[in-house]
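# I would like to see how this sequence folds:
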Amino acid sequence: MAFTLLKQDQDTKARAGTFFTDHGQIETPIFMPVGTLANVKGVHQRELKNDIRPDVILGNTYHLYLRPGMEVIEAAKGLHQFMNWDRNILTDSGGFQVFSLSENRQIKEEGVAFRSHIDGSHHFFSPEKVMEIQRCIGSDIMMALDECIPYPCDYSYAKDSTARTHRWLDRCLAYLHENPPKYGHQQYLFPIVQGGVYTDLRKQSAEYIAEKDAPGNAIGGLSVGEPTEKMYELTDVVTSILPIDKPRYLMGVGTPVNLLENIALGVDMFDCVMPTRNGRNGMLFTAEGIINIKNKKWQKDFSPIDEMGITWVDLDYSKAYLRHLFSVNEMLGRQIASIHNLGFYLWLVRKARQHIIAGDFLKWKAQMIPKLGQRL
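Model (predicted):
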């Protein structure tokens with residue numbers, strides 16, 4: 001999975017690149033819609049493929065393991081076939097979901113024992129088990145099992161947890177070496193940098209990860225409650241250490257402003273539930289700012305949802321119409337808002353790529369940032 005760096009911005013660490021898997025090309029910077037349960041919530045594959053057009057979407061190992069289960073997915077010959085998706089899929093290891101079950105899990109050196117959030121049944125994720133599950137899923141990019149360190153967290157625990165994550169990574173790599181892919185296409189493992197909010201631990205983790213010479217690398221444990229400036233500071237530290245010739249994935253981030261700021265720090269890949277989750281609740285992201293479509297001020301506003309948006313996704317609806325759909329609790333309103341937000345996120349990272357290549361990314365970013373965060 002060779003990563004081709006097409007352009008490095010002169011004024012920031014922003015990069016434009018390209019890499020390929022057996023399911024096609026991925027152009028970076030890229031935003032990955034979250035398809036936790038083999039679907040991007042509220043969005044038909046038709047809209048994904050024809051309107052939003054992401055190079056890659058994200059599935060979740062924890063949720064897919066519980067439902068529909070590996071027996072079903074393996075019988076379907078993998079997640080691509082099961083959900084009729086012919087482009088790239090990245091799977092999270094499930095670590096974040098397991099570790100968020102603080103009342104129902106126990107961390108051991110061997111792995112993590114946990115109880116299902118669905119029915120309370122008992123399960124165990126070892127590094128080997130997580131790799132086995134992702135082999136069954138057949139994702140193009142797999143994540144190593146890690147512990148998502150909570151915030152706040154004391155130094156001693158963060159240090160021990162990070163070291164354990166490194167040992168788990170070695171076990172993931174050993175399992176993959178002995179167990180080839182199942183469905184005839186190659187799968188690539190991304191290790192995950194941890195370390196909490198401690199700069200020295202982040203440096204140590206990034207150095208350990210970089211030594212593995214993996215096809216790409218991820219940065220985990222950020223956007224979990226720490227101040228935004230701390231996220232940027234630690235991302236900057238990590239991207240200065242991770243290899244230049246490998247894609248860098250910042251997990252679970254974030255707002256449109258977060259995306260541009262982290263692109264400037266050298267991040268290539270992002271995912272977040274925010275576009276669809278916020279869209280279902282009536283929050284729309286646009287190039288001019290954030291809209292709460294439920295507000296009465298939009299009742300007679302017959303302008304497009306986003307004046308620029310009409311050029312990047314075929315949603316020729318007015319703000320007034322969308323507000324009406326939300327006011328009568330019509331499912332179509334949530335669908336339109338979700339598609340709009342995903343389209344906007346993809347438009348934003350693709351526009352960033354264009355400006356990186358053109359050589360004026362910093363100027364464009366300075367114009368966009370004040371608008372993206374304002375409430376309209």
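# Are there helices or strands packed against the worst-scoring helix or strand of the chain on mean pLDDT, and which ones?
Within the chain, no helix or strand scores below helix 95-100, which has a mean of 78 by mean pLDDT, DSSP states H and E. Packed against helix 95-100, as judged by 3 or more C-beta pairs under 8 Å, 6 or more residues apart in numbering; DSSP states H and E, are the following elements: helix 61-66, strand 105-107, strand 112-115. Bear in mind the C-beta positions are built from the backbone N, C-alpha and C, glycine included.
# Contacts for the first one, please.
If I follow you right, that is helix 61-66. Contacting residues not belonging to helix 61-66 are listed as 36-38, 70, 73, 79, 91-94, 97-98, 116, 118, 123, 125, 130, 133-134, 137, 143 [C-beta atoms under 8 Å, 6 or more residues apart in numbering].
# Helices - which of these land there?
Counting by DSSP state H, the members of the contacts of helix 61-66 that fall within helices are M70, I73, L79, Q97, V98, V130, I133, Q134, I137.
# ok, those residues vs D213, which is closest?
Comparing the ones in helices among the contacts of helix 61-66 against D213 with C-beta to C-beta places Q134 closest, at 19.8 Å.
# got the contact list for that closest one?
Under the criterion of C-beta under 8 Å, 6+ apart, the neighbours of Q134 are T61, T91, S93, M142, M143, Q187.
# Can I get those residues in TSV including pLDDT?
Output for those, formatted as TSV (pLDDT from 0 to 100):
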residue	pLDDT
T61	95
T91	98
S93	91
M142	98
M143	98
Q187	98
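# Return the member of the residues you listed nearest to G254.
Within the contacts of Q134, the smallest distance to G254 is 17.8 Å, found for M143 (C-beta to C-beta).
# give me every residue that touches that closest one.
The contact partners of M143, taken as C-beta under 8 Å, 6+ apart, are T61, L90, T91, D92, S93, G95, Q134, L189, F190, I192, A218.
# For the third one, give me its contacts.
By that I understand T91. Contacts were defined as C-beta under 8 Å, 6+ apart; by that measure T91 touches L58, G59, N60, T61, L64, L79, Q134, I137, S139, I141, M142, M143.
# Just the ones in strands from the contacts of Q134, please.
Here DSSP state E is the test, and the contacts of Q134 give T91, M142, M143 as lying in strands.
# For the closest residue to the first one other than its chain neighbours, give me the pLDDT.
Leaving aside its sequence neighbours, T91 sits nearest to S139 (C-beta to C-beta, 6 or more residues apart in numbering; 3.9 Å). According to the predicted model, the pLDDT of S139 comes to 98.
# S139 in helix, strand or coil?
Under DSSP: H, G, I helix; E, B strand; the rest coil, S139 falls in the coil class.
# List the buried residues for the least confident helix or strand of the chain?
Of the residues in helix 95-100, G95, F96, Q97, V98, F99 count as buried by neighbour count, 16 or more other C-beta atoms under 10 Å.
# Same question for stretch 26-44.
Using 16+ other C-beta under 10 Å as the test for burial, stretch 26-44 gives 26, 28-36, 38-43.
# And for stretch 156-163?
Neighbour-count burial for stretch 156-163, with 16+ other C-beta under 10 Å as criterion, is recorded at A158, K159, S161, T162.
# Farthest-apart pair in those, please.
Farthest apart among the buried residues of stretch 156-163 - using C-beta to C-beta - are K159 and S161, which lie 7.3 Å from each other.
# what residues go with each domain of this structure?
The chain is divided into the following domains under automatic domain parsing: 3-272, 279-372.
# Show me where the stretch 151-300 of the chain has its helices.
Taking DSSP state H, counting those that start in this stretch as the criterion, the stretch 151-300 of the chain contains helices spanning 155-178, 199-211, 228-239, 256-263, 274-280.
# Just the pLDDT for the residue nearest to G279 when sequence neighbours are not counted.
Nearest-residue entry for G279: A337, 3.6 Å, with adjacent residues in sequence omitted and distances by C-beta to C-beta, 6+ apart. Among the per-residue scores, A337 holds a pLDDT of 95.
# Now do A337: how many residues are near it, please.
For A337, the tally of surrounding residues (other C-beta atoms under 10 Å) stands at 29.
# For it, list the residues it contacts.
By C-beta under 8 Å, 6+ apart, A337 lies in contact with G279, R280, G282, M283, L284, I293, L322, F326.
# Make JSON lines out of those residues and add distance to K351, neighbour count and pLDDT.
Supplementary listing: the contacts of A337 in JSON lines, determined by distance: C-beta to C-beta, whole Å; neighbours: other C-beta atoms under 10 Å; pLDDT from 0 to 100:
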{"residue": "G279", "distance to K351": "20", "neighbour count": "26", "pLDDT": "97"}
{"residue": "R280", "distance to K351": "25", "neighbour count": "18", "pLDDT": "97"}
{"residue": "G282", "distance to K351": "25", "neighbour count": "19", "pLDDT": "98"}
{"residue": "M283", "distance to K351": "21", "neighbour count": "18", "pLDDT": "98"}
{"residue": "L284", "distance to K351": "17", "neighbour count": "25", "pLDDT": "96"}
{"residue": "I293", "distance to K351": "23", "neighbour count": "26", "pLDDT": "98"}
{"residue": "L322", "distance to K351": "23", "neighbour count": "26", "pLDDT": "96"}
{"residue": "F326", "distance to K351": "28", "neighbour count": "20", "pLDDT": "98"}
